[in-house]
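Undergrad: Show me the folded form of this:
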Amino acid sequence: MAEFCKQFNERTESMGYERETPLSVQLNALSDRSFTFDVRSPPTSYLIKKAAGIEKGPNQPSPDRPSGFIAPEAVYEIAKVKQKDDHRWHLPLDSIARSVIGTARSMGVQVKEVESEE
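TA: Numbering: from 1, shown residues only. Model prediction:
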């Protein structure tokens with residue numbers, strides 16, 4: 001366990017995430033007590049909440065009462081982060097972006113163009 005923590009900290013240090021950012025890990029334990037692991041990007045819901053500036057999504061999301069808004073640019077930035085995962089490298093960016101929009105919708109967050117004051 002201590003060896004995993006040491007290797008995990010070394011690997012995530014170079015990835016550029018803040019210390020408290022949750023990351024997904026795929027851990028493969030082998031019969032000789034050795035292991036391999038892959039560190040993946042943060043959960044999509046975490047990235048959406050961070051982009052929308054909200055702490056927590058609503059208990060019952062409703063399209064009539066959105067809990068937050070994110071810009072289309074933020075959706076594509078989240079999609080770029082998610083595309084770096086080993087199991088998503090082959091997916092087109094727009095497909096991942098549509099998935100991000102679906103996750104945002106299920107969380108009660110709307111994707112909306114920011115209206116400039118002119």
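Undergrad: Quickly note the distance from residue 78 to residue 60.
TA: Using Cβ to Cβ, to the nearest Å, residue 78 is found at 24 Å from residue 60. Backbone N, C-alpha and C define where each C-beta goes, glycine included.
Undergrad: Looking at these two, which is more packed in?
TA: residue 78 (26 against 7; other Cβ atoms under 10 Å).
Undergrad: Okay, and that one sits in which element?
TA: If you go by DSSP states H and E, residue 78 is part of helix 72-83.
Undergrad: in this structure, which helix or strand is least confident?
TA: Least confident helix or strand of the chain, by mean pLDDT, DSSP states H and E, is helix 2-13 with a mean of 86.
Undergrad: re the thing from before, next secondary structure element downstream of the helix holding residue 78?
TA: Counting by DSSP H and E, the next helix or strand C-terminal to helix 72-83 is helix 93-106.
Undergrad: buried stuff in that next one?
TA: Buried residues in helix 93-106, counted by 16 or more other Cβ atoms under 10 Å: 96, 97, 99, 100, 101, 103, 104.
Undergrad: and if you look at stretch 76-87?
TA: Using 16+ other Cβ under 10 Å as the test for burial, stretch 76-87 gives 77, 78, 79, 81, 82, 83, 85.
Undergrad: Kindly reformat these as TSV containing pLDDT and distance to residue 46.
TA: Output for the buried residues of stretch 76-87, formatted as TSV (pLDDT from 0 to 100; distance: Cβ to Cβ, whole Å):
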residue	pLDDT	distance to residue 46
77	95	14
78	95	10
79	95	14
81	93	11
82	93	11
83	92	16
85	87	14
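Undergrad: Of those, which is the nearest to residue 66?
TA: Set against residue 66, the nearest of the buried residues of stretch 76-87 by Cβ to Cβ is residue 78 (17.1 Å).
Undergrad: how near is the closest one to residue 51?
TA: Note on residue 78: its distance to residue 51, by Cβ to Cβ, is 7 Å.
Undergrad: Could you tell me the model confidence score at residue 112?
TA: pLDDT, residue 112: 84.
Undergrad: correction: residue 118
TA: So residue 118 comes in at 49 (pLDDT).
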